[in-house]
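**Q** Pasting the sequence and the predicted model now:
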Amino acid sequence: MENKVVTRFAPSPTGFMHVGGVRTALYAYLWARKNNGTFILRIEDTDKEREVEGSVEHIIKSLKWLNINWDEGPDIGGPHAPYLQSQRLDSYKKYAQVLIDKGLAYPDPYTEEEIEQFRNKAELEKKPFLYREYRPETFGVWDGTRALRLKVPEVKSYKWHDLVYGDLSAGPEALDDFILIKGDGYPTYNFAHIIDDLEMGVTHIMRGQEFISSTPKFLSVYDALGITPPLFATLPPIMGPDGKKKLGKRDGAKDVLDYGKEGYLPEAMVNFLALLGWNPGDEREIFTMQELVDSFDISRIGHSGAQLNDEKLDWINKEHIKKMSLEDLQKNIFEWLPENMRIQKIIPIISERISKFSDVKKMVEAGELNFFFKQPEYSKEKLVFKNTSPEKINENLKLAIKAFEGIDEKDFTAENIKASLMKIADTLESRGELLHPIRYSLSGLDKSPDPFIIADILGKNETLSRLQKAI
RNA sequence: GGCCCUAUCGUCUAACGGUUAGGACAUAUCCUUCUCAAGGAUAUAAUCGCGGUUCGAUUCCGCGUAGGGUCACCA
């Protein structure tokens, strides 16, 4: 493969990752894996003001949790190291110098106050503010203490192709002499990502639709440098739950790791986010990561914004829980159970009743599982099934005890219990007059798993004792 | 405001210009069932509006409308 696919995810370390960032990372990852390419993690830490300590570790932790793995990155190095922009300043300077030498970059002679005045003036005149209209006649020498601006090589309308959106274009007003390198010596995103992508051999840039408007600026840099841009694949926005606004941290977007704390599986998150803006073209909905890699295609990414809605996530999570092996299920569920409830037999009945693991915690808190561990409290009235007389109920419970006593302790399984109980139940007017009082005297709950499995879990002795007590 | 993007059930979405506009989630009902859950079945529910092109428009074009994005020494 001479044209190996190289994609990257390049977050800025300004805090946690929410689902928007995760989806961008995921799509870039899937495309790289699908094409046996390379996926790079790069950290865009060029804004010291907004940087949040610990973010890089947090981002790495989030991606690792989701099983989105990179081939090159700040933690593992790689052929294009370093992967922190703050450590790549020499590169940016080098290319800045190329532009200066071409007469396509110059130091900004104005103070911030002066620029603010220009901007206000433009606003008063109801015109868009364009810095390039104030461009100095002659360029001073850049000593690195002032901002370095691009001189737009050619003021024109740009047309370009996007792998997702097709042909895009923007008028000349989208073009301006923007800042390449800030007064503090750090590059801006607009410049740095272009240099890094060039040096790292990135072939496909995946990013949110908020970057469409600045694409002409990027194109003018590629032009100024005389290089061919990578392919662009622009992703549709993810809207908040109200559907009104692009999802953002300030509107309560959650840390993706919090989903884990709420009992969502990473595979379910990945599955859910993959489907938010992309579909396989057939009716499959549940995917493993490998299935996503195999099915993923940029051409099937949608154009319109998708509203974030947890209902479907719950369902997808439930489907993934159903697919888990008993061991994995046990490992996960035990994390949410108190020590004394960590028994193997309880796993299947819990797993079919939850959509996320935090539900287990809720079941424990609501007392829905307590009956397994202590004799339940219950009322006589509820023990009785419909209009059956109390005497009849007692009679039936005695029948049950007799049947249970006939089962050997080692054969006391849900299956055998069901078989022997059903034999009796079918001779009665209704099965309920036998099964209900058994279930109720074992669990003390209106809603619970069936009596056979409960009896199995409780064991022969405890089962008999509870039935005896009920009588 | 300028520029740009988008528009199919409540939500996620499918449909070479020709389909009874399909699927999934959610909701409701029924079946199964001692209860709940799970499972099965069924139902309700959509092409933003107006023009145009065409034998035929969800699909192409124009104009509206609505939503979103962007106009930083943030990414």
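**A** Great, that's in hand. Numbering: from 1, shown residues only, chains lettered A, B, ... in the order given.

**Q** Report the closest residue of the stretch 1-150 of chain A relative to RNA strand B.
**A** Residue nearest to RNA strand B within the stretch 1-150 of chain A (CB to the nearest atom of the strand): A:Glu44, separated by 3.2 Å. All C-beta atoms are positioned from the backbone trio N, CA, C, and that covers glycine.

**Q** residue contacts, that residue?
**A** Applying CB atoms under 8 Å, 6 or more residues apart in numbering to A:Glu44 gives the contacts A:Ala10, A:Pro11, A:Ser12, A:Pro13, A:Gln85, A:Tyr189, A:Ala192, A:His193.

**Q** ok, and of those, which contact RNA strand B?
**A** A:Ala10, A:Pro11, A:Ser12, A:Tyr189, A:His193 (CB under 7 Å from any atom of the strand).

**Q** want to throw those residues into CSV with neighbour count?
**A** Listed next are those as CSV, based on neighbours: other CB atoms under 10 Å:
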residue, neighbour count
A:Ala10, 24
A:Pro11, 21
A:Ser12, 18
A:Tyr189, 16
A:His193, 23
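
**Q** Just the closest of the residues you listed to A:His320, please.
**A** Nearest to A:His320 among the ones next to RNA strand B among the contacts of A:Glu44 is A:Pro11, at 25.8 Å by CB to CB.

**Q** sec struct for the closest one, please.
**A** Here A:Pro11 is recorded as coil under DSSP: H, G, I helix; E, B strand; the rest coil.

**Q** Show me what from the stretch 301-450 of chain A comes close to RNA strand B.
**A** Contact residues, the stretch 301-450 of chain A versus RNA strand B (CB under 7 Å from any atom of the strand): A:302-307, A:309, A:311-312, A:314-315, A:352-353, A:385, A:425, A:430-432, A:435-436, A:439-440, A:445-450.

**Q** buried subset of those residues?
**A** A:305-306, A:314, A:385, A:425, A:435-436, A:439-440, A:445, A:448-450 (16 or more other CB atoms under 10 Å).

**Q** Now, the residues you listed that are in strands?
**A** Using DSSP state E, A:Ala306 are the members of these that sit in strands.

**Q** Flag the least confident of the buried ones among the residues of the stretch 301-450 of chain A next to RNA strand B.
**A** On pLDDT alone, A:Phe385 ranks lowest of these, at 86.

**Q** for that residue, what are its contacts?
**A** Residues in contact with A:Phe385, defined by CB under 8 Å, 6+ apart, are A:Ile393, A:Ser430, A:Gly432, A:Glu433, A:His436, A:Pro437.

**Q** Can I get stretch A:75-94 in CSV? Just the C-alpha atoms.
**A** What follows is stretch A:75-94, C-alpha atoms only, in CSV (Å, rounded to 0.1, in the frame of the first residue of the first chain):
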residue,chain,number,x,y,z
ASP,A,75,2.4,8.3,25.7
ILE,A,76,3.9,5.8,23.3
GLY,A,77,6.0,8.0,21.0
GLY,A,78,6.3,7.2,17.3
PRO,A,79,8.2,8.2,14.2
HIS,A,80,6.9,11.7,14.3
ALA,A,81,7.4,12.5,17.9
PRO,A,82,6.8,14.6,19.8
TYR,A,83,3.0,14.5,19.8
LEU,A,84,2.5,17.5,22.0
GLN,A,85,2.3,20.7,20.0
SER,A,86,4.0,22.7,22.7
GLN,A,87,7.1,20.6,22.0
ARG,A,88,7.0,21.2,18.3
LEU,A,89,7.6,24.9,18.2
ASP,A,90,10.7,24.6,16.1
SER,A,91,8.6,23.1,13.3
TYR,A,92,6.1,25.9,13.3
LYS,A,93,8.9,28.5,13.3
LYS,A,94,10.6,26.7,10.4
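
**Q** as a whole number, average confidence for that stretch?
**A** Averaged across stretch A:75-94, pLDDT comes to 97.

**Q** which residues are contacting it?
**A** For stretch A:75-94, contacts defined as CB under 8 Å, 6+ apart pick out A:40-46, A:56, A:60, A:70-74, A:180-181, A:185-187, A:191-192, A:195-196, A:199-201.

**Q** and of the ones next to RNA strand B among the contacts of A:Glu44, the nearest to A:Glu173?
**A** A:Tyr189 (20.6 Å).

**Q** tell me the phi and psi of the residue nearest to the closest one when sequence neighbours are not counted?
**A** With CB to CB, 6 or more residues apart in numbering as the criterion, A:Tyr189 has its nearest non-adjacent residue at 6.3 Å, and that residue is A:Glu44. Note on A:Glu44: backbone dihedrals following degrees, to the nearest 10 are phi -100, psi 80.

**Q** Can you check the pLDDT for A:Glu44?
**A** On pLDDT, A:Glu44 comes in at 98.

**Q** can you check the one 10 residues further on too?
**A** Turning to A:Gly54, the model gives it a pLDDT of 96.

**Q** Keep only those of the residues of the stretch 301-450 of chain A next to RNA strand B that are in helices.
**A** Judged by DSSP state H, those include A:Glu311, A:Lys312, A:Asp314, A:Trp315, A:Ala425, A:Gly432, A:Leu435, A:His436, A:Arg439, A:Tyr440 as members of helices.

**Q** OK, contacts around the residue of chain A most remote from its centre?
**A** Checked against the mean C-alpha position of chain A, the extreme residue using CA atoms, centre = their mean is A:Glu391, at a distance of 57.5 Å. Residues in contact with A:Glu391 (CB under 8 Å, 6+ apart): none are found.

**Q** secondary structure element for it?
**A** In this structure, A:Glu391 sits in helix A:390-405 according to DSSP states H and E.

**Q** List the buried residues for that helix?
**A** By 16+ other CB under 10 Å, the buried positions in helix A:390-405 come out as A:Lys392, A:Ile393, A:Glu395, A:Asn396, A:Leu397, A:Leu399, A:Ala400, A:Ile401, A:Ala403, A:Phe404.

**Q** Residue numbers of the stretch 1-150 of chain A in contact with RNA strand B?
**A** Proximity of the stretch 1-150 of chain A to RNA strand B is confined to A:10-12, A:44, A:46-47, A:49-50, A:108, A:111-112, A:115, A:119, A:126, A:128-129, A:146-147 under the rule CB under 7 Å from any atom of the strand.

**Q** swap in the stretch 151-300 of chain A?
**A** With CB under 7 Å from any atom of the strand as the criterion, the stretch 151-300 of chain A meets RNA strand B at residues A:165-166, A:168-171, A:173-174, A:178-179, A:182-184, A:186, A:188-190, A:193, A:209-214, A:236-237, A:239, A:243-246, A:248, A:275-277, A:279, A:281, A:283, A:285, A:300.
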